[in-house]
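Undergrad: attaching a predicted model along with its sequence, questions to come.
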Amino acid sequence: MNGQKSRPFRHNTDLGQNFLVDPSVLQFILEASAPGPEETILEIGAGQGVLTRQLALSGCRRLYSLEIDRRLEGDLATLEKAFSNLKVFWGDAVTFDYESNFPDPPQKVIANIPYHITTPLIWKLLEDLAPRGLRYLLLMVQKEAADRLTSPAGTKMRYPLGVTLELMGHARRLRRVPPGAFRPAPRVDSALIEIGIDRRQDLAGDRSWRRLLKAAFGQRRKTLANNLGASFSLSREPLLSLFSDLGMDGKIRAEELDGDQWLRLAQRLTPWLPPSR
Ligand SMILES: C[S@@+](CC[C@H](N)C(=O)[O-])C[C@H]1O[C@@H](n2cnc3c(N)ncnc32)[C@H](O)[C@@H]1O
């Protein structure tokens with residue numbers, strides 16, 4: 001002992017550093033996600049390692065934990081020494097090179113993620129890891145994000161990533177998690193969601209699909225025809241005649257289409273779109 005007290009960790013809330021402290025929530029995550037002995041697991045945002053430790057103890061074959069904040073190096077290096085199945089990576093999960101860093105790509109992502117990167121992070125994971133065998137994600141997200149990700153056709157919160165998840169597999173909300181489960185407590189409610197990927201359609205890496213959805217949901221007050229016409233300089237007549245061929249009302253809005261309608265629309269419309277720059 002050198003008599004010096006270690007300084008308390010100063011949480012950086014800009015990095016979503018609300019660490020999980022409720023053991024019953026931790027237990028729920030482990031039971032719901034059931035890491036298996038043959039599986040490689042990816043954890044995004046290891047923090048001080050509360051979930052990392054339990055995942056490593058679960059006996060999964062390999063655990064990759066990714067963290068951006070180097071101040072956590074001491075905590076995570078200690079865990080890395082203690083568990084031979086754990087390897088810690090440093091970097092930004094939204095721009096990380098998963099392909100070269102993970103020769104043994106993960107089948108599951110189990111993570112209490114920083115809420116501010118929820119949408120770009122899920123797109124990135126679907127795009128980079130689903131074609132390489134990712135089958136399942138269990139994520140702690142802000143409650144409103146859980147609502148958006150799981151919103152069915154015809155609801156106000158429907159958005160491009162939710163449509164894509166419906167076609168690549170399924171997303172469902174498992175339970176709400178109150179602010180008191182974290183230190184410091186966030187100002188928002190949280191929820192655990194589960195995403196299963198069967199790649200019925202492999203859409204996340206398809207640039208024209210993403211461009212179409214982005215344009216279609218561009219201005220929520222406008223009809224789908226108006227949004228598409230304005231974004232891609234398409235004239236109204238052929239667009240409305242295409243809608244009619246597909247059995248869709250000319251006044252339909254983007255949030256009203258179900259997954260199969262989106263697929264049919266994309267198939268017919270993509271050849272008309274100007275090349276992306
Ligand atoms: C909600 S905390 C979860 C920490 C820990 N897993 C737990 O459950 O207590 C989110 C963690 O993600 C890290 N983080 C924030 N932005 C990140 C990014 N872009 N890439 C990787 N990690 C990030 C934060 O530093 C923080 O440790």
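TA: Happy to help now that I have it.
Undergrad: tell me the secondary structure at Tyr64.
TA: Secondary structure for Tyr64, judged by DSSP: H, G, I helix; E, B strand; the rest coil, is strand.
Undergrad: where does the stretch 1-150 of the chain have low pLDDT?
TA: Within the stretch 1-150 of the chain, the segments meeting pLDDT under 70 span 1-5.
Undergrad: around the ligand, pick out the residues from it.
TA: 15-20, 44-47, 50-51, 66-69, 92-94, 112, 114, 117 (CB under 6 Å from any ligand atom). C-beta here means a position set from N, CA and C on the backbone, and glycine is covered the same way.
Undergrad: report the buried members of the residues you listed.
TA: 16-20, 44-47, 50-51, 66-69, 93, 112, 114, 117 (16 or more other CB atoms under 10 Å).
Undergrad: for Leu246, see how far away the residue nearest the centre of the chain is.
TA: Nearest to the geometric centre of the chain sits Ile122, at 2.4 Å (CA atoms, centre = their mean). Noted for Ile122: a distance of 28 Å to Leu246, by CB to CB, to the nearest Å.
Undergrad: from the residues of the stretch 1-150 of the chain next to the ligand, which land in helices?
TA: Val50, Leu51 (DSSP state H).
Undergrad: tell me the domain boundaries of the chain?
TA: The record assigns the chain these domain ranges, following automatic domain parsing: 13-205, 207-269.
Undergrad: tell me the most buried of the ones you listed?
TA: Across the domains of the chain, the average number of neighbours (mean count of other CB atoms under 10 Å) peaks for domain 13-205, which reaches a mean of 18.
Undergrad: grab the nearest non-local neighbour of the residue nearest to the centre of the chain.
TA: Counting by CB to CB, 6 or more residues apart in numbering, Ile122 lies nearest to Leu161, which is 6.1 Å off, once chain neighbours are set aside.
Undergrad: so what does whichever helix or strand that neighbour is part of touch, helix or strand wise?
TA: For Leu161, the element it lies in under DSSP states H and E is helix 160-168. Contact here means 3 or more CB pairs under 8 Å, 6 or more residues apart in numbering; DSSP states H and E; on that basis helix 160-168 packs against helix 118-129, helix 143-149, helix 207-216, helix 259-269.
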